[in-house]
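Asker: Below is the sequence, then the predicted model.
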Amino acid sequence: MPSDTAESTGLSSEQNELRAVLQSQLFVRAPTLAHLLSYLCEKKFAGESGQIKEYSLALDVFGRRESFDQDTDSIVRVQANRLRKRLAEYYSGEGASHALHITIPVGQYVPVFAECATSKAAPEVDQTPPASSSTTLRSQRIWLLFAVAGFLFVLGTLVFLMRDHVRPHRLAVSAVPQPASAELNVGLPVGDEIRILAGASRSYVDHAGKLWNSDAGFEGGVAVRSPVQHIWRTQDPGIYRSSRQGDFSYSVPLKAGRYELHLHFAETFYGPENAGGGGEGSRVMTVTANGNPLLNGFDVTADSGGGRVADVKVFTDIAPAADGMLHLSFSSIKGGRGMVSAIEVLPGTQGHLRPVRIVTREGPYYSNDSHWWSPDTYFTGGQLSSSEETAVGTDDPELYETERWGHFSYAIPVTPGKYTVILHFIQRSANHDKDLGLGSSPDPRSQRRVFSVFCNGKDLLRNLNILEESGENQPLVRKITGVEPNAQGKLLLEFVPISRYATVSAIEVLPQ
């Protein structure tokens, strides 16, 4: 059976190559990518390549539900692209000499095991016949022993000399929570998500790729459209330009379970620079859910700190009433009419807020641990920028490709309780700073950015100097526990420059 033997040998070599790749440090440090690669290859080995589809990968590998929509959830494409990069990195280094290389062709998910031409040609490189003289053979062996000994001596010396030089950077980066921490690996609950644009006649897809449906399920009130263009603390002002106002209610059908409710507001009529004039006290309302009060004496302008500011109120442990509906009621108690711009109902966790993860870019991001990061939101001030310089000392350099820099703040809505805030920073090279118009100086000390971070007026980080603590192009992560919201239910994070500008690449808020 020569054909069967050849097939068995080929399969064995492919399985051995997969095993070698999975045992490498590049993949040991990236368990999600290792799981994806293993799944793809095992399907191929089993002759089930035809079953490798984006939908099946989402369910089998990434734990998505049957309601998975590839148009709004790009996790499979994002992780497959990362896997391609990780394989290319492996075969440009540790696996360069392997006879087989595993690739995932762009636009496909079925792995390919390709023979490496370089590896096959390697045995033919040395065509010199062996020396016939025993003296020559002994000389070659002695020379080889000296060469190996010399190499080991040089290698040992380099390791010894570099040990003390490298350790401070690693300690500075890993002095914060390890990725394996259960707290850090808290993911988002899965389930149906409902988004309603109050007063809107059309649906809308936001920067996160989430679909907001046109107004539905309401009774009473009037639809109002505002001509205001800019709304602070959001990349999606379109969500806040429409609203339903007056005394009205919404009935939202829900399956049994626990939910998290987000109510979105923005005052675009009252205020010194708006058509209605006035300001605080001009519109005060009450909101209930299934007859239970959520907001009483609620003033959007006072809560958000001004007009034309996106204001989000968050509530946990929301459940449908006995009729399977969530009944929301809005009414005015003083001044202008009650109002709401958008309603968001998300799968929740009993007693806890969903983890908040924000990355400073215009679109969402999936990190190597399969966590979903929201595009930049809740901010005011500062500017976004990106860098092509690769972050070192991290398994997820793409997380640090962008930053918000300047003098800026984030008002992150939460529920009462204590939270862990994790801030991700990186200091780019002087050339990158020049590109941002930060200038240069012959004195290196004047090139270093120093800034402080405050939360609700209390200092979290004082006189932070990323360059001194982690080095150039190396991520610095700081974890602060026991952080509590202010009276408006916000974690108001302020990044205040002392020398040059403040910066941040990503923010995490996790319930304790």
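Answerer: In hand now; what should we look at? For clarity, every value in this text was computed on a predicted model and none was experimentally measured.
Asker: average pLDDT across the helix or strand hosting R244?
Answerer: For R244, the enclosing helix or strand under DSSP states H and E is strand 242-253. Across strand 242-253, the average pLDDT comes to 98.
Asker: On the C-terminal side of it, identify the next helix or strand.
Answerer: Using DSSP H and E, the helix or strand that follows strand 242-253 in sequence is strand 259-265.
Asker: Name every sheet partner of that following strand and say whether each one runs parallel or antiparallel.
Answerer: Here strand 259-265 is paired, per DSSP bridges, with strand 311-318 (antiparallel), strand 342-347 (antiparallel).
Asker: how big is the angle separating the shortest one from strand 242-253?
Answerer: Here the directions of strand 342-347 and strand 242-253 differ by 30 degrees (axes from the mean of the first three to the mean of the last three CA atoms, to 10 degrees).
Asker: so what's F298 up against?
Answerer: Contacts for F298 (CB atoms under 8 Å, 6 or more residues apart in numbering) come out as 284-287, 313. For every residue, glycine as well, the C-beta is placed using N, CA and C.
Asker: same thing but 10 Å
Answerer: Listed by CB atoms under 10 Å, 6 or more residues apart in numbering, the contact set of F298 reads 263, 265, 283-287, 311, 313, 330, 333, 338.
Asker: if I look at the residue positioned nearest the centre of the chain, how far off is G338?
Answerer: In the chain, the centroid-proximal residue (CA atoms, centre = their mean) is W373; its distance is 3.0 Å. Going from W373 to G338 by CB to CB, to the nearest Å gives 34 Å.
Asker: Also N213?
Answerer: 21 Å.
Asker: now Y39
Answerer: From Y39 to G338 the distance is 51 Å (CB to CB).
Asker: Which of the two has more residues huddled nearby?
Answerer: G338 (24 against 17; other CB atoms under 10 Å).
Asker: thought that one was touching Y250?
Answerer: No. With contact defined as CB atoms under 10 Å, G338 does not count as touching Y250 (11.9 Å).
Asker: Quick check: neighbours shared by these two?
Answerer: In contact with both G338 and Y250: 220-221, 244, 329-330, using CB under 10 Å, 6+ apart.
Asker: count of residues packed around D192?
Answerer: Applying other CB under 10 Å, I find that D192 has 14 neighbouring residues.
Asker: can you pull the contacts of it?
Answerer: By CB under 10 Å, 6+ apart, the neighbours of D192 are 65, 67, 253-255, 257, 259, 345-347.
Asker: May I see the buried residues of stretch 276-288?
Answerer: For stretch 276-288, burial by neighbour count (16 or more other CB atoms under 10 Å) applies to 276, 278-280, 282-288.
Asker: Which ones among those map onto helices?
Answerer: Using DSSP state H, no member of these sits in helices.
Asker: Those in strands, which ones?
Answerer: With strands defined by DSSP state E, the entries of the buried residues of stretch 276-288 inside them are 283-288.
Asker: Now flag whichever of the residues you listed is closest to G297.
Answerer: Of all those, V284 has the smallest distance to G297: 5.8 Å, by CB to CB.
Asker: That closest one contacts M339, correct?
Answerer: No. Taking CB under 10 Å as the definition, V284 is not a contact partner of M339, at 11.0 Å.
Asker: who touches both of those two?
Answerer: 300, 332.
Asker: related to what we said a few turns ago, out of the contacts of F298, give me the two with the largest separation.
Answerer: D311 and I333, at 17.9 Å, using CB to CB across those.
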